[in-house]
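Q: Quick check, what structure comes out for this input:
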Amino acid sequence: MTGTDDRTATVDELKKMVQGFCEERDWDQFHDPKELAIGIVTEAAELLEPFRFQTPERCREMLADPVRGAHLRGELADVLYFTLRFAQLNGIDLTAALTVKLAEDAAHYPVDKARGCRAKYSDL
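A: The predicted model follows:
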């Protein structure tokens, strides 16, 4: 892999890294779209759980703590792993998908109406 951090790694490299990891373990047989989508949700819930009922300040403290922060980074990495694997196995170009989604969201959330507002686009 060429990149070793977010500044230098490509999405394609990350997909290949996850693909190699899974193929070495013969896990393709377990990674149908439903199971991978379940994995995304399950891992996202594990990321969310420590933040439940915490203040924004406490959440930032947890992220800054060496032990808790490492745990949270691991949960976030699990979400990314399942997202990359889903995309890799199903031929989804994540950059293209994100570009389309941001264009759609820009139409739903024009800056003049959405700036500083957390309302859903149908309520703007």
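Q: how about low-confidence regions in the protein?
A: 1 (pLDDT under 70).
Q: Can you tell me, leaving aside adjacent residues, what's nearest to the most centrally placed residue in the chain?
A: For the chain, the residue sitting closest to the mean C-alpha position, by Cα atoms, centre = their mean, is residue 80 at 4.4 Å. Spatial nearest neighbour of residue 80, excluding adjacent residues (Cβ to Cβ, 6 or more residues apart in numbering): residue 14 at 7.6 Å. The way it works is simple: take the backbone N, C-alpha and C, and place the C-beta from them, glycine included.
Q: Which neighbouring elements make contact with the host helix or strand of that neighbour?
A: Taking DSSP states H and E as the definition, one finds residue 14 inside helix 11-24. Counting contacts by 3 or more Cβ pairs under 8 Å, 6 or more residues apart in numbering; DSSP states H and E, helix 11-24 is packed against helix 66-89.
Q: Pull the number of nearby residues for residue 87.
A: 19 (other Cβ atoms under 10 Å).
Q: for residue 14, same thing?
A: Applying other Cβ under 10 Å, we find 20 residues neighbouring residue 14.
Q: what helix or strand is residue 4 on?
A: Residue 4 belongs to no helix or strand, assigned by DSSP H and E.
Q: so the residue nearest to residue 80 sits right up against residue 81, yeah?
A: No - in terms of Cβ atoms under 8 Å, residue 14 does not count as a neighbour of residue 81; the distance is 9.0 Å.
Q: what's the distance between the residue lying closest to residue 68 once chain neighbours are set aside and residue 80?
A: Using Cβ to Cβ, 6+ apart and skipping the chain neighbours, the partner closest in space to residue 68 is residue 62 (4.5 Å). With the distance defined as Cβ to Cβ, to the nearest Å, residue 62 ends up 19 Å from residue 80.
Q: Keeping just the C-alphas, turn the helix holding residue 14 into CSV.
A: The C-alpha trace of helix 11-24 is given here as CSV (Å, rounded to 0.1, in the frame of the first residue of the first chain):
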residue,chain,number,x,y,z
VAL,A,11,-9.9,4.6,-1.3
ASP,A,12,-8.9,2.0,-3.8
GLU,A,13,-5.9,1.0,-1.7
LEU,A,14,-8.1,0.7,1.3
LYS,A,15,-10.6,-1.5,-0.6
LYS,A,16,-7.7,-3.7,-1.7
MET,A,17,-6.3,-4.0,1.8
VAL,A,18,-9.7,-5.1,3.1
GLN,A,19,-10.1,-7.5,0.2
GLY,A,20,-6.7,-9.1,0.8
PHE,A,21,-7.4,-9.5,4.5
CYS,A,22,-10.8,-11.2,3.8
GLU,A,23,-9.5,-13.4,0.9
GLU,A,24,-6.7,-14.7,3.1
